[in-house]
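Q: Kindly generate the corresponding structure for this input.
(one chain, ligands or ions: 1)
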Amino acid sequence: MPKPLAGLDIAPSVLELIGGTPIVRLGRVAPHIATPVVAKLETSNPGGSVKDRAAIAMIDAAEAEGRLQPGDVIVEPTSGNTGVGLAVVAAQRGYRCIFVCTDKVAPEKVALLRAYGAEVVVCPAKVHPEDPRSYYATAARLKAETPRAFSPDQYSNQSNPRAHYETTGPEIWAQTGGRVTHLVAGAGTGGTISGVGRFLKEQNPAIEVIVADPPESVYGGGDGSPYLVEGIGEDFWPTTYHAKFVDRVIPVTDADSFAMARRVTRREGLLTGGSGGTAVTGAFRIAAELDAEGRAGESLVVTLIPDSGRLYLSRVFDDEWLESRDLSIDDEVDLSPPDPGGNS
Ligand SMILES: Cc1ncc(COP(=O)(O)O)c(C=O)c1O
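A: You can find the predicted model right below:
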């Protein structure tokens with residue numbers, strides 16, 4: 001570690017720049033909806049996504065407990081963003097990284113991990129989790145074969161939701177002056193929604209916590225069949241997802257998620273990934289419901305944009321790719337209130 005530059009507003013390293021992300025009002029996405037919707041921009045983290053927070057928390061805890069030591073190798077199945085977060089921390093701390101992802105992941109994400117110096121193994125997405133070719137099975141095999149391998153396991157590591165309980169939640173509470181009434185976010189491991197949800201409900205139990213979820217995902221009662229949005233929804237229940245802090249799960253399709261990602265990008269000037277489109281669609285549907293209930297004036301809906309559209313230029317932002325999957329290239333999204341029964 002170099003000598004600190006005392007008295008100057010300069011971060012000692014990139015790791016101190018994780019968190020503290022800004023919040024912005026989404027004023028142009030749906031001007032007919034009165035209930036305000038604001039978005040926390042997790043794109044501002046050094047690795048470009050919300051997963052930087054979980055990554056540093058998991059590494060810090062493992063080092064503190066002596067489970068991760070200099071010379072160890074980080075091996076993790078990740079859809080990309082957690083890998084980038086871990087690679088950012090590993091660069092600073094000198095660890096080698098091996099990541100496993102599926103072929104559903106955009107090629108830019110794999111290239112990005114390799115840019116940070118990580119080794120990446122790509123596995124087929126369309127096989128059962130117990131198939132030896134699955135990304136879970138491949139990661140388990142690599143972990144067993146690699147000497148001094150350490151796997152943070154973001155799907156069971158409670159430092160993951162804790163990171164959001166300790167940082168993202170308090171930031172949202174402070175930035176909204178405690179006026180937040182609804183949180184709408186996607187759930188992959190569930191770390192974000194569980195940690196932020198727990199913190200916000202401790203401050204004010206009336207705050208509603210809502211997961212915007214692909215209809216196929218198990219969180220909302222789906223069967224885990226494939227869908228195109230990356231990073232959110234699951235085909236199993238990870239222990240990092242704490243359902244007791246979630247009030248509702250509302251379904252948002254691939255088509256609506258991608259159309260909204262394009263809409264936010266083009267109308268707000270905010271380059272947003274597919275899962276950000278899912279979250280923003282869910283947030284405006286909740287806002288439309290609040291409008292219909294006459295609660296616009298007393299409500300503040302907070303959503304979270306997990307990563308940037310820069311990672312999805314060959315997918316969400318590629319007309320040919322969308323058309324090849326029978327998805328619309330326009331940016332119209334149905335923002336009617338969600339089905340009150342929901343699918344939770
Ligand atoms: C693009 C994207 N969006 C959302 C999430 C969801 O975050 P969490 O795992 O905290 O539920 C992830 C997680 O990997 C992600 O990569």
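Q: if I pick whichever residue of the stretch 151-300 of the chain sits closest to the ligand, what's in contact with it?
A: Nearest residue of the stretch 151-300 of the chain to the ligand, counting by Cβ to the nearest ligand atom: G231, 2.5 Å away. In this view, the C-beta of every residue, glycine as well, is placed from N, C-alpha and C. G231 sits next to 79-81, 186, 188, 273-275, 306-307 when contact means Cβ atoms under 8 Å, 6 or more residues apart in numbering.
Q: Checking it next. Helix, strand or coil?
A: Recorded secondary structure, G231: coil (DSSP: H, G, I helix; E, B strand; the rest coil).
Q: how far away is it from E202?
A: Separation of G231 from E202 (Cβ to Cβ, to the nearest Å): 26 Å.
Q: Which residue, other than its chain neighbours, is closest to the residue of the stretch 151-300 of the chain closest to the ligand?
A: Leaving aside its chain neighbours, G231 sits nearest to S275 (4.7 Å; criterion: Cβ to Cβ, 6 or more residues apart in numbering).
Q: and the one you found, how many neighbours?
A: 31 (other Cβ atoms under 10 Å).
Q: just checking, F258 touches W321?
A: No - F258 is not in contact with W321 according to Cβ atoms under 8 Å; the separation is 9.8 Å.
Q: Give me the more crowded residue out of those two.
A: Shown here are F258 and W321; by other Cβ under 10 Å, F258 has more neighbours (29 against 18).
Q: so what's that one up against?
A: Counted by Cβ under 8 Å, 6+ apart, F258 has contacts 228-229, 274, 277, 316, 322, 327.
Q: quick one: low-confidence parts of the stretch 51-200 of the chain?
A: Residues of the stretch 51-200 of the chain meeting the criterion pLDDT under 70: 79.
Q: Domain boundaries for the protein, per the record?
A: The record's domain parsing of the chain by automatic domain parsing lists 14-44+166-324, 51-150.
Q: Please identify the deepest-packed of those.
A: Highest mean neighbour count among the domains of the chain (mean count of other Cβ atoms under 10 Å): domain 14-44+166-324, with a mean of 21.
Q: For A185, grab phi and psi.
A: Dihedral pair for A185: phi -150, psi 160, per degrees, to the nearest 10.
Q: distance of the residue lying closest to it once chain neighbours are set aside from the ligand?
A: If the residues on either side of it in the chain are set aside, A185 comes closest to L304, at 4.6 Å by Cβ to Cβ, 6+ apart. Using Cβ to the nearest ligand atom, to the nearest Å, L304 is found at 8 Å from the ligand.
Q: quick one, what contacts L304?
A: Here L304 is in contact with 39-40, 42, 50, 168, 183, 185-186, 192, 196, 279 (criterion: Cβ under 8 Å, 6+ apart).
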